[in-house]
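Peer 1: task: produce atomic coordinates for the following.
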Amino acid sequence: VIFDKDGTIIDNTLMFGEWTKKMIYKLSELFDNLLVESNDYPSIWKYLGYDHMLNSFSFDSVIAKGTNDDIRNAICDYIVNIRKIIPCKDINERKSLIETIRNAWVEIEVTKDTIKECVNTRALFEFLKMKNIKIAICTSDDRKPTEKTLRLLNIATSVNKKKPYINNFTSNMIQPVNRKMPFLIDKLVCGNDGISSKPSPEPILSICKSLNIPPSQTLMIGDTISDIHAGINAK
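Peer 2: Below you'll find the model as predicted:
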C-alpha cells in the first residue's frame, strides 16, 4: 500500500494553510498589487487553489498536489501571464523571477503543533504489517520536511543502527509491542528525489520495483487528482 502524505496521513490545512498565507503575504511585499482582486482575473488565492478565508484547499490545488518547484512556477505564471505585473521577454528573465521567488521562499514549519494525523497511523501500519503488506509513502513534498514530519510521528524511513526500530508485526505475536520504538516503513519517495512527481507513474513504479511488488498488486491512497491519476497511469 502506497500512501500520500499531506491530506492522507496528516491534515494538510493545519500545516500548509498558515504556510500559504505567510508565503503570499511575503511575496505581496515584493510584487505590487499581488493581492488586488478584480472580476477580470482570479485572485492569487483562487489561482493556487486555496481559500484563505475558510482555510481549505481545492482537490486540484497546486499546493496540495505539486512540488515546491510546481508552486513556484504557478506563482510565476500568475505574476507574468495572469496579472502581467512583471513582463518576461525571454527565458532568462523568467529564471530571474523564479530565483526572486525562491529567495523569498518561506520554509514549512514542521512541529508537533503543525501536525495533525488524519488517522491513527501507527495502528493502521501495524495492522497492514500483520497482514504481511508492505508500506510505502509517496509525496510531492521535499524530503527534509517529510522525514521530520514522519520522525515526529515516530515513523522511520531508513535503518538506523544506533536506534532500534520495529516493523516485523505478525498476527500471532506473543511479545508485547514497545511503541516507543520507531515503526520502519518499507519505502519513501519525495518530490525532490530526482524523479517525476505524481501524476506521473514513475514514483509508484520505482517503489514497486524497489519492493519487488507488481503494480497490479499495489494500492495508491491519496486525496488529490494527482494521486488518482498516478495510480491509473501506473495501472
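Peer 1: show me the shaky parts of the chain.
Peer 2: The chain contains residues with pLDDT under 70 at 161-178.
Peer 1: let's go with 80 and repeat that
Peer 2: Across the chain, the ranges flagged by pLDDT under 80 are 159-180.
Peer 1: now the helices for it?
Peer 2: Using DSSP state H, the helices of the chain run over residues 12-28, 44-47, 62-65, 68-77, 91-103, 121-130, 143-152, 202-211, 225-233.
Peer 1: tell me which of those sits nearest to Val110.
Peer 2: The minimum distance between Val110 and those falls on helix 143-152, with 4.6 Å, by Cβ to Cβ. For every residue, glycine as well, the C-beta is placed using N, CA and C.
Peer 1: burial of Ser38, as a residue count?
Peer 2: Using other Cβ atoms under 10 Å, Ser38 has 9 other residues around it.
Peer 1: against Glu29, how distant is it?
Peer 2: Counting by Cβ to Cβ, to the nearest Å, the gap from Ser38 to Glu29 is 20 Å.
Peer 1: ok, back up a step: closest to Val1 out of the helices of the chain?
Peer 2: Comparing the helices of the chain by their distance to Val1 (Cβ to Cβ), the top pick is helix 121-130, with 6.0 Å.
Peer 1: can you tell me how far the spatially most central residue of the chain is from Leu124?
Peer 2: Residue closest to the average C-alpha location in the chain (Cα atoms, centre = their mean): Asp141, at 3.5 Å. Asp141 is 20 Å from Leu124, where distance means Cβ to Cβ.
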